[in-house]
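**Student:** take a look and give me a structure for this.
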Amino acid sequence: MCGINGILQRRVKSKEELKLSIEKMNDAIIHRGPDDHGVFLKEKDTYCVAMAMRRLSIIDLSAGGQPIFSDDGAVCIVFNGEIYNFKELRASLISENTVFNTHSDTEVILRLYEKYGTESFRLLDGMYSFSIYDGRLDKLFVARDFFGEKPLYYLYDEGNFIWASELKSILRVLKRSPEISTEAISQFFQLTYIPAPNTIYEGIKKLEPFHYLEIDCNSHALSNSEIADTSSSGDSNKITFDEAKKKTHDLVLDSIASRAVSDVPIGTFLSGGVDSSIVSLGLAQHVKSPIDTFSIGFDKKTFDETDKSRTVAKIIASNHHEFNITEGDIEKNISSILTNFDEPFADSSSLPSYLVAQLTSGHVKVALTGDGGDEVFGGYNKYYTGRLNNLYTASVPESLHQIVKSTVNVFTSAKSDMRGYRLKIKRLMEAIDYDKDFYFNILSLGFTKEEINLLLKSPYIDKNWIDLYKWKGASNLKDFREIDRIISLEGDLLVKVDRTSMLNSLECRAPFLNQNLWNFSKTLPDNFHIKGWNKKYLLKESFKKYFPRDFLDKSKKGFGVPVGDWMRSSLKEELLSYIDISFLE
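**Tutor:** Numbering: from 1, shown residues only. Sure thing, here's the model as predicted:
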């Protein structure tokens with residue numbers, strides 16, 4: 001686990017200037033890898049290339065440093081992430097007479113590339129972003145994993161190419177600040193985050209998940225290609241529920257075991273919800289000694305779930321650590337948390353995520369999480385909303401929709417006891433769409449297009465951001481989950497986890513974000529995942545035997561946070577300062 005940086009440019013700088021620039025980029029992300037660093041520089045007649053990395057040592061502590069080179073020194077790799085099937089891949093290559101110099105997963109990627117070229121990228125099970133310089137071909141390759149767990153930013157300008165794990169590294173070496181992207185601003189105000197390929201800056205992009213860039217170092221021509229998904233989930237069209245339940249059980253436990261490979265201490269985030277409880281159980285079953293589990297609590301009981309996490313910790317006999325978070329903890333850390341995202345990001349759960357990562361990093365270097373369980377197995381309330389849209393549009397003619405919408409708004413406004421439901425009902429009614437784009441409306445938790453144009457007093461919605469994803473007619477749970485994988489996972493949840501954990505030099509691994517598990521789950525009927533109004537039905541049925549009766553059916557909050565209370569108290573002064581006329585001017 002680490003961070004990577006790189007520069008490819010025409011011969012306009014000296015080698016010393018290039019080295020200084022790449023070291024500036026590397027210094028900007030020291031938090032991603034405080035244990036080690038490495039730099040590669042190459043000068044040729046028509047170009048210069050520099051690659052660097054920061055390393056958090058997890059596997060092959062003594063010999064896993066980077067960059068790693070081919071035997072003739074012509075091919076070089078820097079890598080951020082973990083390859084969970086690297087031992088199997090390594091064994092296969094050894095059987096074909098490949099010789100290894102280390103036991104690291106980084107070298108496995110390099111040797112696979114030497115043997116199979118870019119076709120090898122599809123063989124990798126893991127979270128990663130990496131760059132490979134091939135001096136034999138005078139080409140550079142930059143790739144990103146299936147779900148987008150590891151970030152990759154890049155700038156391609158006048159033949160020069162800069163890439164990095166975080167935006168701040170690219171900004172460090174630019175002569176002037178780039179322009180703000182109006183399309184990204186629009187996207188942020190609708191979604192509350194900015195997913196790939198956009199960033200807040202014009203010209204700087206995020207590489208889409210499961211894509212790779214190929215750059216010709218001489219001509220500086222760039223191409224963006226999707227990695228072929230050839231993983232097999234078998235024929236699940238005629239599978240029975242009991243068969244699906246057993247296979248889900250086995251696939252989840254296998255994935256947890258693969259994510260448990262580490263040469264340093266490992267633990268789990270345990271909120272007491274379905275996903276983190278199953279992951280903690282699986283890890284406890286896999287290892288011989290008691291595992292460490294980590295939970296956070298709040299003084300406000302409606303947000304506190306430590307009783308549920310204690311129940312699981314007792315079942316699996318873990319060394320359980322509880323941390324109580326106060327307003328003072330948030331007030332002390334909020335600036336460093338928010339500025340580390342480098343661009344607008346409004347997910348309030350990033351605050352407790354940072355604090356639990358900070359406290360956990362004092363005990364272990366690696367933590368397994370339950371992230372991805374909702375996307376893979378259908379756990380969000382918004383999936384109900386998709387079903388409701390289908391029922392509503394099938395029964396209410398479009399000509400009557402505005403009348404119904406106005407009536408509902410009047411009714412809910414008149415009922416003071418409905419204050420807690422008013423926003424949800426409003427969002428549901430705003431999301432209704434007779435043209436099958438409603439699921440994108442559900443994702444848009446922020447301002448409407450009309451409100452954004454009023455707020456910014458400029459036509460920022462010239463192009464609808466939905467067009468970026470070329471998706472029309474989403475109508476079932478499979479479609480909703482796929483859209484979430486492409487947009488919400490990459491742009492929101494995985495950004496939150498990566499930035500808050502890496503700021504604390506802690507590696508987080510998500511067993512539910514497994515490509516084979518994902519491909520299997522999406523072949524199953526919708527009613528396996530949501531039975532009636534019972535979300536994640538298949539997953540819960542697969543593991544209910546390990547927990548007390550009805551435990552997995554209890555409502556969850558995860559790492560939620562009483563941000564509304566804090567904004568009315570300790571954070572109120574800081575919040576108001578940002579809308580003060582003197583600040584805005």
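
**Student:** which stretches of the stretch 201-350 of the chain aren't confidently modelled?
**Tutor:** By pLDDT under 70, the low-scoring segments of the stretch 201-350 of the chain are 231-237, 299-305.

**Student:** now do the helices in it.
**Tutor:** Shown for the stretch 201-350 of the chain, the helices assigned by DSSP state H, counting those that start in this stretch span residues 241-258, 274-286, 306-316, 327-339, 350-360.

**Student:** reformat these as a markdown table; add mean neighbour count and distance to residue 485.
**Tutor:** Yep, even glycine has a C-beta here, placed from its N, CA and C like the rest. Rendered in a markdown table, the data for the helices of the stretch 201-350 of the chain read as follows (neighbours: other Cβ atoms under 10 Å; distance: least, Cβ to Cβ, whole Å):
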| stretch | mean neighbour count | distance to residue 485 |
| --- | --- | --- |
| helix 241-258 | 18 | 16 |
| helix 274-286 | 24 | 16 |
| helix 306-316 | 19 | 27 |
| helix 327-339 | 14 | 26 |
| helix 350-360 | 24 | 20 |
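
**Student:** which one of those lies closest to residue 548?
**Tutor:** With Cβ to Cβ, the closest approach to residue 548 among those belongs to helix 306-316: 7.0 Å.

**Student:** what does the closest one rub up against?
**Tutor:** Outside of helix 306-316, the residues that reach it under the criterion Cβ atoms under 8 Å, 6 or more residues apart in numbering are 270-273, 276-277, 280-281, 284-285, 291, 293, 295-297, 318, 320, 322, 546-548, 551, 554.

**Student:** on the three-state scheme, the closest residue to residue 99 other than its chain neighbours is what?
**Tutor:** Of all residues beyond its chain neighbours, the one nearest residue 99 is residue 71 (7.9 Å), with distances taken as Cβ to Cβ, 6 or more residues apart in numbering. The three-state assignment at residue 71 reads coil, by DSSP: H, G, I helix; E, B strand; the rest coil.

**Student:** so what pLDDT did residue 71 get?
**Tutor:** Per-residue confidence (pLDDT) for residue 71: 95.

**Student:** that one: neighbour count?
**Tutor:** Neighbours of residue 71 under the rule other Cβ atoms under 10 Å: 10.

**Student:** with residue 290 instead?
**Tutor:** By the criterion of other Cβ under 10 Å, residue 290 has 13 neighbours.

**Student:** I'd guessed residue 476 sits against residue 524; true?
**Tutor:** No: assessed by Cβ atoms under 8 Å, residue 476 is found out of contact with residue 524, at 11.9 Å.

**Student:** of these two, who's got more company?
**Tutor:** In this comparison of residue 476 against residue 524, neighbours counted by other Cβ under 10 Å, the higher total goes to residue 524 at 22 against 13.

**Student:** the more buried one against residue 238, yeah?
**Tutor:** No: Residue 524 sits out of contact with residue 238 when judged by Cβ under 8 Å, with a separation of 11.1 Å.

**Student:** now do the nearest residue to residue 272 once chain neighbours are set aside against residue 546, distance only.
**Tutor:** The spatially closest residue to residue 272, leaving aside those adjacent along the chain, is residue 308, at 2.8 Å (Cβ to Cβ, 6+ apart). Distance, residue 308 to residue 546, using Cβ to Cβ, to the nearest Å: 14 Å.

**Student:** nearest residue to the middle of the chain?
**Tutor:** Averaging the C-alpha coordinates of the chain gives a centre point, and the residue nearest to it by Cα atoms, centre = their mean is residue 494 (1.7 Å).

**Student:** ok, now how distant is that residue from residue 153?
**Tutor:** Computed as Cβ to Cβ, the residue 494 to residue 153 distance reads 14 Å.

**Student:** how about residues contacting stretch 4-18?
**Tutor:** 21-22, 25-26, 29, 41, 43, 45-53, 78-80, 129-131, 140, 142, 159-165, 169, 173, 215, 217, 220.

**Student:** now, those residues that are in strands?
**Tutor:** The strands in this structure, assigned by DSSP state E, contain 41, 43, 48-53, 78-80, 129-131, 140, 142, 160-164, 215 from those.

**Student:** I'd like to know how far residue 390 sits from residue 441.
**Tutor:** In this view, residue 390 and residue 441 are 14 Å apart by Cβ to Cβ.

**Student:** for residue 165, same thing?
**Tutor:** Distance from residue 165 to residue 441, counting by Cβ to Cβ: 33 Å.

**Student:** between the two, tell me which one has more neighbours.
**Tutor:** Set side by side, residue 165 and residue 441 give different neighbour counts by other Cβ under 10 Å, the larger being at residue 165 (26 against 18).

**Student:** which stretches in the stretch 401-550 of the chain count as helices?
**Tutor:** Secondary structure of the stretch 401-550 of the chain (DSSP H, counting those that start in this stretch): helices at 401-414, 419-431, 438-443, 449-456, 477-483, 494-502, 515-521, 526-529, 537-543.

**Student:** so which of these is the most packed in?
**Tutor:** The highest mean neighbour count among the helices of the stretch 401-550 of the chain, using mean count of other Cβ atoms under 10 Å, belongs to helix 494-502: a mean of 24.

**Student:** got a list of contacts for that helix?
**Tutor:** So helix 494-502 is contacted by 3, 31-32, 147-151, 166, 193, 337, 340-341, 345, 347, 349-350, 353-354, 357, 367, 369, 371, 507-508, 510 (Cβ under 8 Å, 6+ apart).

**Student:** out of those, which end up buried?
**Tutor:** The neighbour-count test (16 or more other Cβ atoms under 10 Å) applied to these identifies 3, 31-32, 147-151, 166, 193, 337, 340-341, 345, 347, 349-350, 353-354, 357, 367, 369, 371, 507-508, 510 as buried.

**Student:** now the residue nearest to residue 272: how far from residue 555?
**Tutor:** With distances taken as Cβ to Cβ, residue 308 is found 10 Å from residue 555.

**Student:** residue 480 too?
**Tutor:** In this structure, residue 480 and residue 555 are separated by 21 Å, where distance is defined by Cβ to Cβ.

**Student:** same check on residue 216?
**Tutor:** Residue 216 sits at a distance of 54 Å from residue 555 (criterion: Cβ to Cβ).

**Student:** okay, these two: which has more neighbours?
**Tutor:** Residue environment comparison for residue 216 versus residue 555 gives the larger neighbour count to residue 216, 15 against 7, counting by other Cβ under 10 Å.

**Student:** so that one bridges to which residues?
**Tutor:** Partner residues in beta bridges with residue 216, using DSSP bridges, are residue 139.

**Student:** report the contact partners of residue 180.
**Tutor:** By Cβ under 8 Å, 6+ apart, the contact list for residue 180 reads 200, 201, 202.

**Student:** nope, residue 361 is what I meant
**Tutor:** 504, 505, 506.

**Student:** ok, residues contacting stretch 207-226?
**Tutor:** Contacts of stretch 207-226 from elsewhere in the structure, counted by Cβ under 8 Å, 6+ apart, are 8, 10, 44, 46-47, 49, 118, 121, 129, 138-148, 152-154, 156, 159-161, 196-197, 227, 229, 485-486, 490.

**Student:** make a ChimeraX selection of the buried ones in those residues.
**Tutor:** With 16+ other Cβ under 10 Å as the burial test, the buried ones among the contacts of stretch 207-226 are selected in ChimeraX as follows:
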select :8,47,49,118,121,129,138,139,140,141,142,143,144,145,146,147,148,152,153,154,156,161,196,227,485,486,490
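
**Student:** where does residue 107 fall, phi/psi-wise?
**Tutor:** Backbone geometry at residue 107, expressed as degrees, to the nearest 10, gives phi -70, psi -30.

**Student:** before we move on, back to that, which of the contacts of helix 306-316 are buried?
**Tutor:** Members of those classed as buried by 16+ other Cβ under 10 Å are 270-273, 276-277, 280-281, 284, 291, 293, 295-297, 318, 320, 546-547, 551.

**Student:** okay, and for the stretch 451-585 of the chain, where does confidence drop off?
**Tutor:** Low-confidence segments of the stretch 451-585 of the chain, defined by pLDDT under 70, are located at 457-468, 470, 472, 556-567, 570, 578-579, 583-585.
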